[in-house]
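S.K.: from the sequence below, what's the structure:
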Amino acid sequence: MKIIAIGRNYAEHAKELNNPIPTTPVIFMKPDTAVLKDNKPFYLPDFSNDVHYELEVVLKICKEGKHIAEKFASNYYDEIGLGIDFTARDIQSKHKEKGLPWELAKAFDNSAPISIFYPKGDFEDLYDLNFELKVNGESCQKGHTKDLLFSFEKIISFVSQYITLKKGDLIFTGTPEGVGKTEKGDKLEAWLQGKQLLNFDVR
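M.R.: Below you'll find the predicted structure:
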């Protein structure tokens, strides 16, 4: 499986990092070795002094597809959950300055904690979902899927023009404003529609 992640898919997050609002989806990828499951602790890497949390709604692809029309894209994912895109912001900033790819900042081991997934049919409206991240009990990120710049279907259609999607692939759909530095000893908890899906420690 692979992780495809969407950058700058919430306008306020793009603004907080002084990035332009994109007119087409910005994508990057993480390998399967980035996945961290079962609320296991996240260990800060020794190569960065500025790892940030970025909470995201995650889609799980349920069948293979390429060149998917947007009107059919909803047939290609059947479950949703939450994930955190841990980002070595210091490395990313240096690479952005030089016009280099982001992988060293985004794709390192265990940089993608994911929750359990729920059938999308459990949710009445996928574009009326609230999600929230608390760090040490304090609310740090609040997002709502109505604010997505590019819909889930647009993302799937766009990505599939370039990259074949396969069953089990994960799509991180973007983070809202409020990203921040992760410190050793932090406790991260995340909710989707009031249901706690993530609860793990940073070491």
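S.K.: could you give the number of residues near residue 4?
M.R.: Other residues within reach of residue 4, judged by other CB atoms under 10 Å, total 23. C-betas here are computed from N, CA, C, even on glycine.
S.K.: measure residue 118 to residue 129 for me?
M.R.: 11 Å (CB to CB, to the nearest Å).
S.K.: span of stretch 55-68 from start to end?
M.R.: Across its full length, stretch 55-68 reaches 27 Å end to end, with CA to CA, to the nearest Å as the criterion.
S.K.: for that stretch, the distance to its chain's centre please.
M.R.: Distance, stretch centre to chain centre, for stretch 55-68: 12 Å (CA atoms, centre = their mean, to the nearest Å).
S.K.: ok, now stretch 184-203?
M.R.: Taking CA atoms, centre = their mean, the mean C-alpha location of stretch 184-203 is offset from the chain mean by 14 Å.
S.K.: and stretch 85-96, by the same measure?
M.R.: Using CA atoms, centre = their mean, the distance from the centre of stretch 85-96 to the centre of the chain it belongs to is 15 Å.
S.K.: least trustworthy helix or strand in this structure by mean pLDDT?
M.R.: Ranked by mean pLDDT, DSSP states H and E, the weakest helix or strand in the chain is helix 11-16, scoring a mean of 72.
S.K.: quick check: what element follows that helix along the chain?
M.R.: strand 26-30 (DSSP states H and E).
S.K.: and the next helix or strand after that following strand, what does it pack onto?
M.R.: Moving toward the C-terminus from strand 26-30, the first helix or strand encountered (DSSP H and E) is strand 35-36. Identification of packing neighbours for strand 35-36 by 3 or more CB pairs under 8 Å, 6 or more residues apart in numbering; DSSP states H and E yields strand 112-113.
S.K.: parallel or antiparallel, list what pairs with the next helix or strand after the strand it packs on.
M.R.: Downstream of strand 112-113, the next assigned helix or strand under DSSP H and E is strand 118-119. Taking DSSP bridges as the criterion, strand 118-119 forms sheet pairs with strand 77-84 (antiparallel).
S.K.: quick check: angle from the partner strand to strand 26-30?
M.R.: Between the axes of strand 77-84 and strand 26-30, defined by axes from the mean of the first three to the mean of the last three CA atoms, to 10 degrees, the angle is 80 degrees.
S.K.: tally of neighbours for residue 21?
M.R.: The local packing count at residue 21 equals 10, with neighbours defined by other CB under 10 Å.
S.K.: please name the residues that touch it.
M.R.: Taking CB atoms under 8 Å, 6 or more residues apart in numbering as the contact definition, residue 21 lies against 8, 11, 14-15, 149.
S.K.: which pair in those residues spans the largest distance?
M.R.: When those are compared pair by pair using CB to CB, the two farthest from each other are 15 and 149, 11.8 Å apart.
S.K.: looking at these two now, which is surrounded by more residues?
M.R.: Between residue 15 and residue 149, counted using other CB under 10 Å, residue 149 has the larger neighbour count: 20 against 13.
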